[in-house]
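Trainee: Have a look at this fold, sequence not included:
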């Protein structure tokens, strides 16, 4: 389905779409199969599936990646701070030390805000799953 969605998004003609799918999939599909799947993409069914996935999993994965990036930046900033601060007093760049201290404080706040967001994200995820279970009768 993602390949057919690509074809729709790129505005490929049928021959171009079938060639694209063959190249990416490693085998051909019939024009009938292409049009059946294209109908699902055009109807929004594929978008709904993607949105369902994203709200259940993708958002949480993205949130975790953002936290990981900020933590990496924080480690690098702390390392730079300790290197600069360990120099003899006359070689220290006090402006740089002040900037690094500021960055460390700001990164700490951001990590805290993002980490506190995790329980909120968990609650949203639970509400989504609950709503889905009600709508599917499970």
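Mentor: Perfect, I can see it now. This is a predicted model, so every value here is computed, not measured.
Trainee: Assign residue 29 to helix, strand or coil.
Mentor: Taking DSSP: H, G, I helix; E, B strand; the rest coil as the rule, one finds residue 29 in the coil state.
Trainee: any idea how far residue 23 is from it?
Mentor: 12 Å (Cβ to Cβ, to the nearest Å). The C-beta positions use only the backbone N, C-alpha and C, and glycine is treated the same way.
Trainee: helix or strand for residue 34, which one?
Mentor: Residue 34 is part of helix 31-43, with elements assigned from DSSP states H and E.
Trainee: returning to what we had before: quick one: which of residue 29 and residue 23 has more around it?
Mentor: Shown here are residue 29 and residue 23; by other Cβ atoms under 10 Å, residue 29 has more neighbours (16 against 9).
Trainee: Quick check: that one touching residue 17?
Mentor: No: at 9.5 Å, residue 29 and residue 17 do not qualify as touching, with contact defined as Cβ atoms under 8 Å.
Trainee: From the chain's centroid, how far away is stretch 101-121?
Mentor: Stretch 101-121 sits 18 Å away from the centroid of its parent chain (Cα atoms, centre = their mean, to the nearest Å).
Trainee: Identify the residues contacting residue 103.
Mentor: Listed by Cβ atoms under 8 Å, 6 or more residues apart in numbering, the contact set of residue 103 reads residue 77.
Trainee: Check the secondary structure at it for me.
Mentor: On the three-state scheme (three-state DSSP), residue 103 is labelled helix.
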